[in-house]
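Chemist: Got a predicted model here, sequence first, then my questions.
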Amino acid sequence: MATTTDNAPAPPVTGKRPGSTGRAGDKVFLGLSRGSGILLLVIMASIAVFLTYRASLALSRNEGNFLTTFDWNPAGDPPVFGIAVLLFGTVVSSIIAMVIAVPVAVGIALFISHYAPRRLAAPLAYVVDLLAAVPSIIYGIWGALFLVPYLEGLNLWLDDFLGWTYVFEKTQVGVARSLFTVGVLLAIMILPVVTSVSREVFRQVPRMNEEAALALGATRWEVIRLSVLPFGRSGVISASMLGLGRALGETMAVATVLSPSFVISLHLLNPGGGTFAQNIAAKFDEANELGRDALIASGLVLFVLTLLVNGAARLIIARRKEYSGANA
Amino acid sequence: MAKRIDVSGLSAYYGSHKAIDDISMTVEPRSVTAFIGPSGCGKSTFLRTLNRMHEVTPGGRVEGKVMLDDENLYGSSVDPVAVRRTVGMVFQRPNPFPTMSIFDNVAAGLRLNGSYRKNQLAEIVERSLRGANLWNEVKDRLNKPGSGLSGGQQQRLCIARAIAVEPDVLLMDEPCSALDPISTLAIEDLISELKERFTIVIVTHNMQQAARVSDRTAFFNLAAVGQPGKLIEIDETERIFANPSVQATEDYISGRFG
Ligand SMILES: Nc1ncnc2c1ncn2[C@@H]1O[C@H](COP(=O)(O)OP(=O)(O)OP(=O)(O)O)[C@@H](O)[C@H]1O
Ligand SMILES: [Mg+2]
């Protein structure tokens, strides 16, 4: 993605150097790298084949519609399960997370890279990097113990002032184990990684691009608007995708906070709902053979979803290639 | 409006390193002044003190006075951002905004300064591009990115961007050093035209260029590596090249000519 650098390939070694073992070394290395490349592909392919096979077993015995059924009961008679609720919950909680996290992350990244005095910027960057390494179960426990009770107040407030939007209307009383809370928690979880990558991109804005704006009499904010943000755009998209990938697949934190139920409700503050990863984590242990295959099928959908999101991001970045400043 | 620059007792530092020492000179309005001197003698540093760009470098610090007509650029109530809006700058390497179209590049400074109506903006952009002798080459692709132009065209785009806001002074730091001889000539012609309207200061390593475009030439030198650079002399360009009053100037110029 945007943070990769093009390393010029080393010039090919031609001719024999006297007393060199290069030839043999080359052969060994070539064999090793080619071998591991092939091995990787084989492993990937066999995983894919295995998962698809198991998923198809489950799908062939599903009596409900896999895409539209609001239920997950593969152990029932007849077995019925569908991903509608999971897809909805996964997408909605991730969107909430992105909407909250990306602007905040960009703001923090800009602050560290362009506003904070150097003495403050370095420790701040370090702390953000540290936060990115905190295991998700820690976030989950923190979310359940602190965020859920704390967000109850916010939920009531949102209900009071934004209840007319339907989305923020709270029709069920109960603790804030809702998709909205999950979204907030996911936002906090992905904030460090999005910040960290964005900051790195902003730091790499060529000095001469910024000076171009400065020399026109741009204020600090205008420098950011004219030079930093356009340059960092694709990097921020990459960073967001990294965060989104984590949000889509997050398991433990969601499972700890959400009170799952198989309903779709646009009242985001109501408890209930589910996500792919949370559902798999919650059901896998007690599931029978068919149940596990059904969960695998849902996992494949999550995988496809992640691929689609990444593809879309690449398209957006490629569309702006012409303007990327490679020639500047 | 072109303005007179009057520098007195100016020193500039990078942290504790003094890069230029106690420089005083006057630059007349509607004239071209060339800065020449060996590498590292502080020409760029001095140039950048004239629009308060020096202080954006970490550790950058300036002592002394720069009068623009009768306003001290380093007065305590002066906003450096405002200074840079009246003193334009063109850099050694062309640096158009890579994500912006040609049109938006030229309009960038105008949009910072205030709001213009659409046709007004188009008019100024055309005038500036004509002023930079670039209009004919780009008039059919104003919406294409500026980074898609050749190096020489990019540099003229940067000049158009700088003159679009009608600065009082135009500073150019080796504007032709990355360009081929034809683009160089194009820009030299442009400089001669622009001096009708602006006060121009240009840094160059090319003696012939200094002789061709400038009215006055300032020679900078430094005693030894690590020492601060100093202004040795400033005079009419013809005198500097024919019979300078300081031996070092003659050595430098004749050394270059072989
Ligand atoms: N960003 C910086 N940080 C620290 N020292 C610097 C910096 N830029 C320049 N200097 C020092 O200041 C002195 C003057 O540099 P300057 O770039 O002004 O020279 P110059 O005359 O423009 O040289 P050239 O002809 O090579 O462009 C040099 O000793 C240089 O090492
Ligand atoms: Mg220089």
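Modeler: Arrived safely, thanks for sending. Ligands and ions are numbered 1, 2, ... in the order given.
Chemist: how many neighbours does the residue of the stretch 101-250 of chain A found nearest chain B have?
Modeler: Nearest to chain B in the stretch 101-250 of chain A, going by C-beta to the nearest C-beta, is residue A:217, at a distance of 3.2 Å. All C-beta spots, glycine's among them, are computed from the backbone N, C-alpha and C. The tally of other residues near residue A:217 (other C-beta atoms under 10 Å in any protein chain shown) stands at 23.
Chemist: In contact with residue B:172, which residues are there?
Modeler: B:89, B:90, B:191, B:200, B:201, B:202, B:203 (C-beta atoms under 8 Å, 6 or more residues apart in numbering or on different chains).
Chemist: these two touch, right, residue A:270 and residue A:171?
Modeler: Yes: the pair formed by residue A:270 and residue A:171 meets the contact definition of C-beta atoms under 8 Å, at 6.1 Å.
Chemist: what's the pLDDT at residue A:174?
Modeler: Predicted confidence (pLDDT) for residue A:174: 75.
Chemist: now residue B:154, what's its secondary structure?
Modeler: Under DSSP: H, G, I helix; E, B strand; the rest coil, residue B:154 falls in the helix class.
Chemist: follow-up on the earlier one: compare residue A:270 and residue A:171 and say which is more crowded by neighbours.
Modeler: Neighbours were counted for residue A:270 and for residue A:171 using other C-beta under 10 Å; residue A:270 has more, 22 against 11.
Chemist: Of the contacts of residue B:172, just say which sits nearest to ligand 1.
Modeler: residue B:203 (6.5 Å; C-beta to the nearest ligand atom).
Chemist: give the contact list for the closest one.
Modeler: Residue B:203 makes contact with B:34, B:35, B:36, B:43, B:44, B:47, B:172, B:173, B:174 under the criterion C-beta under 8 Å, 6+ apart.
Chemist: If we use 7 Å, what do you get?
Modeler: When contacts are counted by C-beta atoms under 7 Å, 6 or more residues apart in numbering or on different chains, residue B:203 touches B:35, B:43, B:44, B:47, B:172, B:173, B:174.
Chemist: And for residue A:187?
Modeler: Going by C-beta under 7 Å, 6+ apart, residue A:187 touches A:96, A:97, A:100, A:101.
Chemist: Let's verify it: helix, strand, or coil?
Modeler: With three-state DSSP as the basis, residue A:187 sits in helix.
Chemist: One more: residue B:35?
Modeler: Classification of residue B:35 using three-state DSSP returns strand.
Chemist: That one contacts residue B:218, correct?
Modeler: Yes: with contact defined as C-beta atoms under 7 Å, residue B:35 reaches residue B:218; the gap is 5.2 Å.
Chemist: returning to that earlier point: among the contacts of residue B:172, which two are most distant?
Modeler: Spatial extent of the contacts of residue B:172 (C-beta to C-beta) is set by the pair B:89 and B:191 at 14.2 Å.
Chemist: So residue B:178 lies in a helix, does it not?
Modeler: No: under three-state DSSP, residue B:178 sits outside any helix and is assigned coil.
Chemist: and it, how far is that from residue B:92?
Modeler: Distance, residue B:178 to residue B:92, by C-beta to C-beta, to the nearest Å: 7 Å.
Chemist: if we can go back for a sec, tell me the pLDDT of the closest residue to the residue of the stretch 101-250 of chain A closest to chain B other than its chain neighbours.
Modeler: Nearest non-adjacent residue to residue A:217, counting by C-beta to C-beta, 6 or more residues apart in numbering or on different chains: residue B:85, 3.2 Å away. On the pLDDT scale, residue B:85 is placed at 92.
Chemist: quick one: stretch A:296-309 to chain centroid distance?
Modeler: Averaging C-alpha positions (C-alpha atoms, centre = their mean, to the nearest Å) puts stretch A:296-309 13 Å from its chain's average.
Chemist: Name the residues of it that are buried.
Modeler: Of the residues in stretch A:296-309, those with enough neighbours to count as buried (16 or more other C-beta atoms under 10 Å in any protein chain shown) are A:296, A:297, A:298, A:299, A:300, A:301, A:302, A:305, A:306, A:309.
Chemist: Ligand 1: which of those is nearest?
Modeler: When these are ranked by distance to ligand 1 (C-beta to the nearest ligand atom), residue A:309 comes first, at 42.1 Å.
Chemist: contacting residues for the closest one?
Modeler: So residue A:309 contacts A:241, A:244 (C-beta under 7 Å, 6+ apart).
Chemist: pLDDT averaged over the host helix or strand of it, what's the number?
Modeler: Secondary structure assignment for residue A:309, by DSSP states H and E: helix A:289-319. Helix A:289-319 carries an average pLDDT of 89.
Chemist: Report the separation between residue A:290 and ligand 1.
Modeler: 68 Å (C-beta to the nearest ligand atom, to the nearest Å).
Chemist: Can you name the residues that contact that residue?
Modeler: Under the criterion of C-beta under 7 Å, 6+ apart, the contact list for residue A:290 reads A:58, A:61, A:74, A:79.
Chemist: Setting the sequence-adjacent residues aside, check what's closest to it.
Modeler: Nearest-residue entry for residue A:290: residue A:74, 4.9 Å, with adjacent residues in sequence omitted and distances by C-beta to C-beta, 6+ apart.
Chemist: Give the other helices and strands that the helix or strand containing residue A:26 contacts.
Modeler: Using DSSP H and E, residue A:26 maps to helix A:22-61. The contact analysis (3 or more C-beta pairs under 7 Å, 6 or more residues apart in numbering or on different chains; DSSP states H and E) places helix A:22-61 against helix A:289-319.
Chemist: what do you get if the cut-off is 10 Å, keeping everything else the same?
Modeler: If you count contacts as 3 or more C-beta pairs under 10 Å, 6 or more residues apart in numbering or on different chains; DSSP states H and E, helix A:22-61 packs onto strand A:80-81, helix A:289-319.
Chemist: continuing past it, what's the next helix or strand?
Modeler: Later in the chain than helix A:22-61, the nearest helix or strand by DSSP H and E is strand A:72-73.
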